[in-house]
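Student: Any chance you can model this:
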Amino acid sequence: MNSTVKFTNKDRSQFFSTVRKRVDAYFVDNNISANANGAMWRKAIFFLLGYSLLYGLIISNQFGVWTMLGMALLLGSFAAFIGFNVSHDAMHGAFSSQSWVNRWLGNSFYLLGASPYVWKITHNVVHHTYTNIPGHDEDIDVAPGLIRLDPAEESHPWQRYQQFYAFPLYGLASLSWVLRKDYVKIFKEKIGQHDNSTHAKREYITLFATKLAYYVLFLVVPMLVLDLAWWQVLVGFVAMHLIEGLILGLVFQLAHVVEGTSFPVPGDNGTIEEAWAIHQMRTTANFAPRSAIAAFFCGGLNRQIEHHLFPKVCHIHYPAITSIVKRTAEEHGLPYLENATFFSALQSHYRILKQLGTAPVASSLLKNLVHHPVVEEPTLN
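Tutor: Just a heads-up that it's a prediction; the model follows:
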C-alpha cells in the first residue's frame, strides 16, 4: 500500500469552492460569527456543570449503592456529551475565535479520561483527511479480527455474528481509551499512514500525568471516601465507561458505516481520483437531521456532512447551513446521505455489519456499499 494518499480533482469539480463561498456569505450576510453563540455557551455550561454535580454527589457518600450506580451511568453519559458538545468543537478550533479559549475548553477531554493531544492527531488530522480509507482511517479499525468495518479486510467465520456482538464491544471503547489506546497511539511510529514518530517531551509528561490524575479521581478517591468495597467501586467505574463508550461508538459509526457510504481504495500510486470534499460526501452520512434532541445531545455530530466539510464552524450553526450544502450537492450531482432518524441509522448500521460479516469478496461488497441507497428526507432549518 502506498504510504501517501493524494486527492486529485480529475473532473475539476467546483463543488467545494461553491459551497464554501455560499456558507461564508451566509455568515457575512447575517452578520454572525461562525463560532459559538449564546445557546452554545449555555449548552456547554449545562453539560460541564451537570458532570461536576454528578461527580460531587457520588463522592458525597450520601446515597445508596444502587443510586450511586445510576449516577455513575449518568456521569458516563455526560462525559460523552461533553466530548460531543464541548471538547470536539474546541479541538477543531470552532468554539471560539480565540485559540486560548479553544485550548482551555479542549482540555475538557481529560474528563473523559482521554488525551486531547492524541485525539487531534487521530481525529483532526487522520480521520478527517482519510475518511473511510482502509489502512489510513483507523476509526474503521475498531476491534481488528473481531469487528470487520473494512470491506478490504479478510473476513473470519465468527464475524457472521458481528451484528450482534459489535454493540457490546462498542461499549468497551471508552475503557480502552482510558487504559490503553492513548498510550499505544503516542508510541506508534505511524497512525494509519501518518508519520507519528515525533512528539515534544512535554506531551509524554502531560499524557502520563493527566492519566494518573484521572485514575486518582475516579478510582482512588472513591475507594477512600465511599462506604463501598473496592470491587463495587470498580463495577461503578466500568459501568460508567460502558455507557460512555457505547454512546461515543454509536454516534461515530452511524456517520460513516451505514448503507450508501463508500470505502474507497487508493490506486497503486496512492491516488483517490476525486476532490477531497467529494470524498467526504461519499463517505459520510447524517442521521436524525430534524431531531432537536439529537442535535442537542450529539453536538451536531448527527450532521457529520456539514462537520466534515466545515470542521471550523461551530456545530450550533449546522442546521442553518444544511440547506446550502444539500442544494449545492444536488447541483453538482453529488450524494447527500441521510437517515431520517437515529433508529433508521441504527438499523442501517446493523445491516452493514451483517453484510460485512458474511461477504468475503471485497470488490463486490465495495460496489454494493457505494451504490446502496440511503433514506433521504428534507431537513428543516
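Student: any low-confidence regions in the protein?
Tutor: 1-3, 360-381 (pLDDT under 70).
Student: repeat that for 80
Tutor: 1-4, 138-144, 151-152, 192-193, 268, 359-381 (pLDDT under 80).
Student: what about the strands in it?
Tutor: Remark: strands assigned in the chain by DSSP state E are 6-7, 190-191, 194-195, 271-272, 285-287, 337-339.
Student: Would you mind telling me which of those is nearest Ile32?
Tutor: For those, the distance to Ile32 is smallest for strand 285-287, at 22.3 Å, taking CB to CB. In this view, the C-beta of every residue, glycine as well, is placed from N, C-alpha and C.
Student: Quickly run through the sheet partners of that closest one, with directions.
Tutor: Paired neighbours of strand 285-287 in the sheet (DSSP bridges): strand 337-339 (parallel).
Student: and the closest residue to His92 other than its chain neighbours, how many neighbours?
Tutor: Spatial nearest neighbour of His92, chain neighbours left out: Pro311 (4.6 Å); criterion: CB to CB, 6 or more residues apart in numbering. If you count neighbours by other CB atoms under 10 Å, Pro311 ends up with 17.
Student: for Pro311, what are its contacts?
Tutor: By CB atoms under 8 Å, 6 or more residues apart in numbering, Pro311 lies in contact with 92, 94, 124, 128.
Student: make it 10 Å
Tutor: Residues near Pro311 by CB atoms under 10 Å, 6 or more residues apart in numbering: 88-89, 91-94, 123-124, 128.
Student: Among those, which one has the most neighbours?
Tutor: For the contacts of Pro311, neighbours were counted by other CB under 10 Å; the highest total belongs to Asp89, with 28 neighbours.
Student: For the residue lying closest to it once chain neighbours are set aside, the count of nearby residues, please.
Tutor: Excluding the flanking residues, the one nearest Asp89 by CB to CB, 6+ apart is Phe95, at 4.5 Å. Around Phe95 there are 27 other residues, counting by other CB under 10 Å.
Student: you'd agree Phe95 is up against Gly300?
Tutor: No. Using CB atoms under 10 Å, Phe95 is not in contact with Gly300, being 11.8 Å away.
Student: overlap in contacts of these two?
Tutor: Counting by CB under 10 Å, 6+ apart, the common neighbours of Phe95 and Gly300 are 40, 85, 88-89, 314-316.
Student: Phe16: neighbour count?
Tutor: When counting by other CB under 10 Å, one arrives at 18 neighbours for Phe16.
Student: Who are the contact partners of it?
Tutor: 9, 275-278, 280-281, 309, 328, 332.
Student: Tyr26 now?
Tutor: 32, 34, 313, 317, 320-321, 323-324 are the contacts of Tyr26 under CB under 10 Å, 6+ apart.
Student: Equivalent analysis for Leu149, please.
Tutor: Residues counted as contacts of Leu149 (CB under 10 Å, 6+ apart) are 132, 134, 137, 139-143, 162, 166, 253, 256-257, 263, 349, 352-353, 356.
Student: Next: Ala114.
Tutor: By CB under 10 Å, 6+ apart, Ala114 lies in contact with 79, 83, 87, 174, 177-178, 181-182, 210-211, 214, 248.
Student: and with 8 Å instead?
Tutor: 83, 177-178, 181-182.
Student: Tyr165 too?
Tutor: Counting by CB under 8 Å, 6+ apart, Tyr165 touches Leu146.
Student: do the same with Met91
Tutor: Contacts of Met91 (CB under 8 Å, 6+ apart): 102, 106, 109, 116, 119-120, 123-124.
Student: Please enumerate the helices of the stretch 1-150 of the chain.
Tutor: 15-29, 38-59, 65-82, 88-91, 99-106, 116-119, 128-129 (DSSP state H, counting those that start in this stretch).
Student: Kindly report the same for the stretch 201-350 of the chain.
Tutor: For the stretch 201-350 of the chain, the helices defined by DSSP H, counting those that start in this stretch cover 201-215, 221-225, 230-256, 276-283, 292-298, 304-309, 318-331, 342-358.
Student: could you say what helices and strands the longest one packs with?
Tutor: Helix 230-256 sits against helix 65-82, helix 162-170, helix 173-176, helix 221-225, strand 285-287, helix 342-358, with contacts defined as 3 or more CB pairs under 8 Å, 6 or more residues apart in numbering; DSSP states H and E.
Student: try it again with 7 Å
Tutor: If contacts are counted by 3 or more CB pairs under 7 Å, 6 or more residues apart in numbering; DSSP states H and E, helix 230-256 sits against helix 65-82, helix 162-170, helix 173-176, helix 221-225, helix 342-358.
Student: quick one: the last one to helix 162-170, angle?
Tutor: Here helix 342-358 points in a direction 110 degrees away from that of helix 162-170 (axes from the mean of the first three to the mean of the last three CA atoms, to 10 degrees).
Student: again with the longest one
Tutor: Relative orientation of helix 65-82 versus helix 162-170 (the same axes, to 10 degrees): 100 degrees.
Student: and helix 65-82, C-alpha only, in PDB?
Tutor: Taking Å, rounded to 0.1, in the frame of the first residue of the first chain, the C-alpha atoms of helix 65-82 are listed here in PDB:
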ATOM      1  CA  VAL A  65     -25.200   1.700  46.200                       C
ATOM      2  CA  TRP A  66     -27.900   1.500  43.500                       C
ATOM      3  CA  THR A  67     -28.500   5.200  43.400                       C
ATOM      4  CA  MET A  68     -24.700   5.700  43.000                       C
ATOM      5  CA  LEU A  69     -24.600   3.200  40.200                       C
ATOM      6  CA  GLY A  70     -27.400   5.100  38.400                       C
ATOM      7  CA  MET A  71     -25.500   8.300  38.900                       C
ATOM      8  CA  ALA A  72     -22.300   6.600  37.500                       C
ATOM      9  CA  LEU A  73     -24.200   5.700  34.400                       C
ATOM     10  CA  LEU A  74     -25.500   9.200  34.000                       C
ATOM     11  CA  LEU A  75     -22.000  10.500  34.600                       C
ATOM     12  CA  GLY A  76     -20.700   8.400  31.800                       C
ATOM     13  CA  SER A  77     -23.400   9.800  29.500                       C
ATOM     14  CA  PHE A  78     -22.500  13.400  30.500                       C
ATOM     15  CA  ALA A  79     -18.800  12.600  29.700                       C
ATOM     16  CA  ALA A  80     -19.800  11.500  26.200                       C
ATOM     17  CA  PHE A  81     -21.900  14.600  25.800                       C
ATOM     18  CA  ILE A  82     -19.100  16.900  26.900                       C
END
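Student: Sounds good, over and out.
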